[in-house]
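Colleague: Show me how the following folds:
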Amino acid sequence: MRLNYAAIAPEATKALAGVNAALLRTGFDKRLMDLLFLRVSQINGCSYCVDEHARNLRRAGESNERLDGLAAWRESTRGPSPIPRSAVLRERCASLLRKCSRSSPR
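Modeller: Next comes the predicted model:
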């Protein structure tokens, strides 16, 4: 059973939607942004978000081959990496920092 995040944390859901809208207004490439969101969801282990981001990318025309290779993008030998290495590493660092800040005693 999936959690209804909008019902559980409506303010957080609204804030995430605001971040998404702000990124889109900057001209940040939407497909790259969606690939980054999918990768962060994989790192965070959120199956709901992985499913949603993958569905959105498939609807936008992203190939199954590239989406399947995203989890192991460093080892991929098939064509170009789905997302630039620097973007993935930056998101990996940000994700780990968020995890650390949540688990550290206050």
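Colleague: alpha carbons only for contacts and neighbour counts from here, please
Modeller: Fine.
Colleague: where in this protein is pLDDT low?
Modeller: Applying pLDDT under 70 to the chain flags residues 1-2, 73-106.
Colleague: Let's see that with 50 instead.
Modeller: Low-confidence segments of the chain (pLDDT under 50): 104-106.
Colleague: Helices along that one, start to end?
Modeller: 5-8, 10-25, 30-44, 47-59, 64-70, 85-103 (DSSP state H).
Colleague: okay, those, which one's buried deepest?
Modeller: helix 30-44 (a mean of 19; mean count of other CA atoms under 10 Å).
Colleague: Next, the angle helix 47-59 makes with it.
Modeller: Angle of helix 30-44 versus helix 47-59, following axes from the mean of the first three to the mean of the last three CA atoms, to 10 degrees, is 150 degrees.
Colleague: Which elements pack onto helix 30-44?
Modeller: Applying 3 or more CA pairs under 8 Å, 6 or more residues apart in numbering; DSSP states H and E, we find helix 30-44 packed against helix 47-59, helix 85-103.
Colleague: how far off helix 10-25 does it point, in degrees?
Modeller: Using the same axes, to 10 degrees: helix 30-44 against helix 10-25 is 140 degrees.
Colleague: Tabulate the CA atom coordinates of helix 30-44 in PDB.
Modeller: Below are the C-alpha coordinates for helix 30-44, written out as PDB (Å, rounded to 0.1, in the frame of the first residue of the first chain):
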ATOM      1  CA  LYS A  30      13.100  18.900 -17.900                       C
ATOM      2  CA  ARG A  31      14.200  15.500 -19.000                       C
ATOM      3  CA  LEU A  32      17.500  15.800 -17.200                       C
ATOM      4  CA  MET A  33      15.700  17.000 -14.100                       C
ATOM      5  CA  ASP A  34      13.300  14.000 -14.300                       C
ATOM      6  CA  LEU A  35      16.300  11.600 -14.700                       C
ATOM      7  CA  LEU A  36      17.900  13.100 -11.700                       C
ATOM      8  CA  PHE A  37      14.700  12.800  -9.600                       C
ATOM      9  CA  LEU A  38      14.400   9.200 -10.700                       C
ATOM     10  CA  ARG A  39      18.000   8.500  -9.600                       C
ATOM     11  CA  VAL A  40      17.600  10.300  -6.300                       C
ATOM     12  CA  SER A  41      14.400   8.200  -5.700                       C
ATOM     13  CA  GLN A  42      16.500   5.000  -6.400                       C
ATOM     14  CA  ILE A  43      19.100   6.100  -3.900                       C
ATOM     15  CA  ASN A  44      16.500   7.000  -1.300                       C
END
